[in-house]
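> can't give you the sequence, but here's the structure:
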């Protein structure tokens, strides 16, 4: 389980780094992050984004981040090597 947890952390770091290091239009990191989060929320919710509350917009951004994260995690897991793999035994009792 620790191996999987490490892969989750690595994938989360990679996702955030790739998204937030790719755009530097503004001088402030916070402004760049807010811009990107708004774009992610818009990509998730489409036309409904503009009429959403601030909370709904944040949730839309989180959902978009989660989709990218899930893809990154899947790729990380599928490209990893499992050393000393053993067949899992299940008790029938």
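Alright, I've got the coordinates. Note that the coordinates shown come from a computational prediction; the quantities given were computed from them, not determined experimentally.
> quick one: which helix or strand includes the residue nearest the centre of the chain?
When the chain is reduced to its mean C-alpha position, the closest residue under Cα atoms, centre = their mean turns out to be residue 69, at 2.5 Å. Mapping residue 69 onto the secondary structure by DSSP states H and E places it in helix 54-78.
> now residue 8
Per DSSP H and E, residue 8 falls inside helix 2-20.
> list the buried residues for that helix?
Within helix 2-20, the residues scored as buried using 16 or more other Cβ atoms under 10 Å are 11, 14, 15, 19. Bear in mind the C-beta positions are built from the backbone N, C-alpha and C, glycine included.
> okay, who's weakest in those by pLDDT?
Here the lowest pLDDT out of these sits on residue 19, with 91.
> you'd agree that one is up against residue 67?
No: in this structure, residue 19 is not within contact of residue 67 by Cβ atoms under 8 Å, at 11.6 Å.
> ok, the closest residue to residue 68 other than its chain neighbours - contacts?
Distances taken as Cβ to Cβ, 6 or more residues apart in numbering put residue 15 closest to residue 68, at 5.4 Å, once the chain neighbours are dropped. By Cβ atoms under 8 Å, 6 or more residues apart in numbering, residue 15 lies in contact with 65, 68, 69, 72.
> thanks again, I'm all set now.
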